[in-house]
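**Q** Sequence isn't available, so here's the structure alone:
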């Protein structure tokens, strides 16, 4: 029974970590290397994550420099950045790609806030699904008469407390992201 609870706890923690990673990909007014984590570029015919193809450096608050390890990949990386949902227009000088981040408009900030809210809801749903799977496993234990109902009742209370803890963490992440997005 404790294995079920600890397994659910690990899944819930992974859901929070995934949500945090999703938030890192949402562009704010400042440049951040994590914005490029989900970009894959075609390299010798295979989609390859950008982190494996180049270094990403933040030159200043609105400028990112991307230096490919192999100069042959520079056009593929530039195309991948241009086709991404970041809304930026990269420029290359032959050795590096310069990505200038324009200031976010009010409309764009609201759009990104909506995106952050939907990512937060996806995270909460993942946490609740982990809870439901664990509860089903606990109910099966009672049905098979492997453990008593009192033990399962205590385990369910523990499970509910963990669910609440992780959904509150996601809410806190969302609150911080909204603050970051709406500050001018």
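**A** In hand now; what should we look at? All values derive from a computational prediction rather than experimental measurement.

**Q** What separation do you get for the most centrally placed residue in the chain and residue 115?
**A** Nearest to the mean C-alpha position of the chain, by Cα atoms, centre = their mean, lies residue 22 at 1.8 Å. Taking Cβ to Cβ, to the nearest Å as the measure, residue 22 falls 9 Å from residue 115. For every residue, glycine as well, the C-beta is placed using N, CA and C.

**Q** quick revisit: I'd guessed the residue nearest to the centre of the chain sits against residue 119; true?
**A** Yes - counting by Cβ atoms under 8 Å, residue 119 is a contact partner of residue 22 at 4.4 Å.

**Q** Find me the pLDDT at residue 79, would you?
**A** Residue 79 is assigned 91 on the pLDDT scale.

**Q** Which positions within whichever strand or helix holds residue 142 qualify as buried?
**A** Element membership of residue 142 [criterion: DSSP states H and E] is helix 106-143. Buried residues in helix 106-143, counted by 16 or more other Cβ atoms under 10 Å: 109, 112-113, 115-116, 119-120, 123-124, 126-127, 130-131, 134-135, 137-138, 141.

**Q** quick one, phi psi at the residue of the chain positioned farthest from its centre?
**A** Distance from the C-alpha centroid of the chain peaks at residue 145, with 40.3 Å (Cα atoms, centre = their mean). When read as degrees, to the nearest 10, the backbone of residue 145 gives phi 60, psi 40.

**Q** sorry, back to before: from residue 181, how far out is the residue nearest to the centre of the chain?
**A** 14 Å.

**Q** Ok, residue 63 next?
**A** Residue 63 is 20 Å from residue 181, where distance means Cβ to Cβ.

**Q** Tell me the secondary structure of residue 42, please.
**A** strand (DSSP: H, G, I helix; E, B strand; the rest coil).

**Q** Around it, how many other residues sit close by?
**A** Applying other Cβ atoms under 10 Å, we find 14 residues neighbouring residue 42.

**Q** got it, and residue 26?
**A** The number of residues packed near residue 26 is 19, by other Cβ under 10 Å.

**Q** my read is it is in a strand, agree?
**A** No - the assignment for residue 26, made by three-state DSSP, is coil rather than a strand.

**Q** So it sits against residue 112, correct?
**A** Yes - if you go by Cβ under 8 Å, residue 26 and residue 112 touch, sitting 5.4 Å apart.
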